[in-house]
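[1] sequence isn't available, so here's the structure alone:
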Ligand SMILES: Cc1ncc(COP(=O)(O)O)c(C=O)c1O
């Protein structure tokens, strides 16, 4: 196993061959309920008929073109994303990390345009995750990810929800950008407070810092609104999206307001593959489905899931806290969530473990009412069978 592959992932042994909706099937025919969706990606689940049809059609026409030429879908996807986010222009990428890189370069270039090129610094939040390239990694909090690659870009860190700390950092640093996930995904499905997000908007305005919302995990409808920050009426200068946006095909996007839409000049940024016809067709299908009621399913199934998790929290001493909204949910335990994740997997429920003690639950947006109840029943059985936390573990957590 893993022959010829760099050893960067701890992978499960099963070999998955197909799926339908929120169900995955391995080559022995065993079915799993997929509440991870390829780490918050497969919003339409597996083998969605409209996606299959659109991709089959497009593969028979043009798969790749390059951004030197036009195809019919770029502007449609870009303008629909702008409409959903309140932004004015989009740059397509192939991943979340690249969308973050684009945002960082855009902020740096904006400072050049403004005549303040010395404003090169970035401010980010402890616990945040923004990707693994050298720029994005610089803004990623986890020591484990950062340490082997230092030195990285200098970043000033603020604590989640620390308005005073943020005010000080932005006023002292005269940074190019403040980058923040409205809900930290890898950081344990941790929602930042509306007060912090609103204060960040005001402080960025006061100090002339670009406010970048990383909604790569929280965006594209996963919380029941297109953007998580829309629950609090906060609009950033730049927003990054990826994960479910092309229903499982690789697409990211960096969007910005009209104030910064013309920041890059021709040739100042680019990508060979990004925004090609095949991924744009997939994004169209995803956006069509959102427009035709899928967002409603996220809200309803999310509320049912959350209510069920809260019930588990009341019944089971192992549960410390329920986190998140919509279908971006976390169940924080009193000790490491790894044993629980493995036991759930053995029972056919796929979730993962993030920030050490949190079970991350990010199912496809198409998950059904019955599947939510199945997942909750499996969680109840597995968690009830795990040893209850000791007093020492409770105190420590
Ligand atoms: C909030 C956030 N930003 C950035 C990234 C990086 O995205 P990608 O893995 O597509 O490069 C992720 C991935 O998990 C993420 O959750």
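    Nice, I can see it. For clarity, every value in this text was computed on a predicted model and none was experimentally measured.
[2] in the longest helix anywhere in the chain, what counts as buried?
    Longest helix in the chain by number of residues (criterion: DSSP state H): helix 295-315. Buried residues in helix 295-315, defined by neighbour count with 16 or more other Cβ atoms under 10 Å: 295, 297-299, 301-302, 305-306, 308-309, 312-313. Every C-beta, even on glycine, is put in place using the N, C-alpha and C of the backbone.
[3] and stretch 207-219, by the same measure?
    Applying 16+ other Cβ under 10 Å to stretch 207-219 flags 207, 209-219 as buried.
[4] close to the ligand, is that stretch?
    Yes: using Cβ under 6 Å from any ligand atom, we find that stretch 207-219 touches the ligand at 214, 216-217.
[5] show me what residue of this structure gets nearest to the ligand.
    residue 96 (2.3 Å; Cβ to the nearest ligand atom).
[6] what about that residue, neighbour count?
    28 (other Cβ atoms under 10 Å).
[7] what's the answer for residue 28, then?
    8.
[8] let me see the contact set for the closest residue in space to it that isn't next to it in sequence.
    In this structure, residue 28 finds its nearest non-sequential neighbour in residue 14, 7.9 Å apart by Cβ to Cβ, 6 or more residues apart in numbering. Contact analysis of residue 14 by Cβ atoms under 8 Å, 6 or more residues apart in numbering lists 26-28, 30, 32.
[9] can I get these in TSV with distance to the ligand?
    Putting the contacts of residue 14 into TSV (distance: Cβ to the nearest ligand atom, whole Å) gives the following:
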residue	distance to the ligand
26	24
27	26
28	29
30	27
32	21
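[10] could you list the domains of the protein?
    With domains defined by automatic domain parsing, the chain comprises 16-48+293-396, 51-288.
[11] tell me which of the ones you listed lies nearest to residue 1.
    Residue 1 lies closest to domain 16-48+293-396 among these, at 14.0 Å (Cβ to Cβ).
[12] chain center to that closest one, what's the gap?
    From the chain centre to the centre of domain 16-48+293-396 is a distance of 16 Å (Cα atoms, centre = their mean, to the nearest Å).
[13] what is the end-to-end distance of it?
    Domain 16-48+293-396 has an end-to-end distance of 38 Å (Cα to Cα, to the nearest Å).
[14] please apply the same query to stretch 106-123.
    Terminal residues of stretch 106-123 are spaced 15 Å apart (Cα to Cα).
[15] re earlier: what packs against the longest helix of the chain?
    The contact analysis (3 or more Cβ pairs under 8 Å, 6 or more residues apart in numbering; DSSP states H and E) places helix 295-315 against strand 319-325, strand 328-333, helix 369-385.
[16] let's have these in CSV, adding mean pLDDT, distance to residue 163 and mean neighbour count.
    As requested, the helices and strands packed on helix 295-315 are exported to CSV (pLDDT from 0 to 100; distance: least, Cβ to Cβ, whole Å; neighbours: other Cβ atoms under 10 Å):
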stretch, mean pLDDT, distance to residue 163, mean neighbour count
strand 319-325, 97, 21, 21
strand 328-333, 98, 24, 25
helix 369-385, 97, 35, 17
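[17] pull the contacting residues for the nearest residue to residue 129 once chain neighbours are set aside.
    The spatial neighbour of residue 129 that comes closest, neighbours along the chain excluded (Cβ to Cβ, 6+ apart), is residue 186 at 3.5 Å. Applying Cβ under 8 Å, 6+ apart to residue 186 gives the contacts 129, 142, 217, 354-355.
[18] now rank the residues you listed by neighbours and give me the top one.
    residue 217 (29 neighbours).
[19] need the phi and psi values for the nearest residue to that residue once chain neighbours are set aside.
    Closest residue to residue 217 in three dimensions, ignoring its sequence neighbours and counting by Cβ to Cβ, 6+ apart: residue 185, at 3.4 Å. Dihedral pair for residue 185: phi -80, psi -70, per degrees, to the nearest 10.
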